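Q: Sequence and predicted structure below; questions after.
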Amino acid sequence: MADIAGLARLIEPEVQRLGYELVRVAMIGGASDPTLQVMAERPDTRQLDIGDCESISRALSDKLDLADPIEGSYRLEVSSPGIDRPLTRLRDYSDWAGHEARITLAEPRAGRRQFSGILEGVEDADVKLTDKSGETHMLPFADIASAKLVLTDKLIQATAPLSTEGADTIETVEE
């Protein structure tokens, strides 16, 4: 099993050197088809395009080939976090306040591990979430096993490309 924290420490400086922010590092797939998944984003747009993915992939391939931190063969996948992105950093819960999220705790709290509702931000190291019944939950960030945004119309609007101008036209230049 790969050391995910160690991989993140190896990968993050390279991603930052290229001008991006690391969102998540994970090993997915089974033992017969492992994939190292690296999610990153541009700090200014929170998005990533295919050219960004290519740049990060090339740089990480070289770095990973030199360090050889994963036993055996694997695939490298570099991607944007997507619209219904994982929430992996404490600041993500503040950045996406006002949007719906689904949070799973590592251990049950008050008899439950799953919480869904509107993110209300962060207080100290607790994530504040209000569920559909109006009850507010303070969930310690350290206790969160996984969390992600829920796809809603509001989220789609908030994550729309910064500009789609010219996306449906082809410009011809005559010389």
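A: Here it is on my side, so go on. Residues are numbered from 1 along each chain as shown.
Q: contacting residues for the residue lying closest to residue 64 once chain neighbours are set aside?
A: Spatial nearest neighbour of residue 64, excluding adjacent residues (C-beta to C-beta, 6 or more residues apart in numbering): residue 76 at 6.9 Å. To be clear about C-beta, it is placed using only N, CA and C from the backbone, and glycine gets the same treatment. Going by C-beta atoms under 8 Å, 6 or more residues apart in numbering, residue 76 touches 35, 36, 38, 57, 60, 61, 64.
Q: Take the residues you listed and keep only those in helices.
A: Counting by DSSP state H, the part of the contacts of residue 76 found in helices is 57, 60, 61, 64.
Q: picking that back up, and the contacts of residue 76, which is closest to residue 99?
A: residue 38 (23.7 Å; C-beta to C-beta).
Q: ok, back up a step: secondary structure element holding the residue nearest to residue 64?
A: strand 75-79 (DSSP states H and E).
Q: Show me what the helix or strand that that strand is followed by is packed against.
A: Counting by DSSP H and E, the next helix or strand C-terminal to strand 75-79 is helix 90-95. Using 3 or more C-beta pairs under 8 Å, 6 or more residues apart in numbering; DSSP states H and E, the elements in contact with helix 90-95 are strand 112-123, strand 126-130.
Q: give me that answer again for 10 Å
A: If contacts are counted by 3 or more C-beta pairs under 10 Å, 6 or more residues apart in numbering; DSSP states H and E, helix 90-95 sits against strand 100-109, strand 112-123, strand 126-130, strand 144-149.
Q: average model confidence for the longest one?
A: Looking at strand 112-123 alone, the average pLDDT works out to 97.
Q: Which strands border that strand, and is each parallel or antiparallel?
A: Sheet pairing for strand 112-123, assigned by DSSP bridges, gives strand 100-109 (antiparallel), strand 126-130 (antiparallel).
Q: right, so of those, which gets closest to residue 136?
A: Evaluated with C-beta to C-beta, the strands paired with strand 112-123 place strand 126-130 nearest to residue 136, the distance being 4.9 Å.
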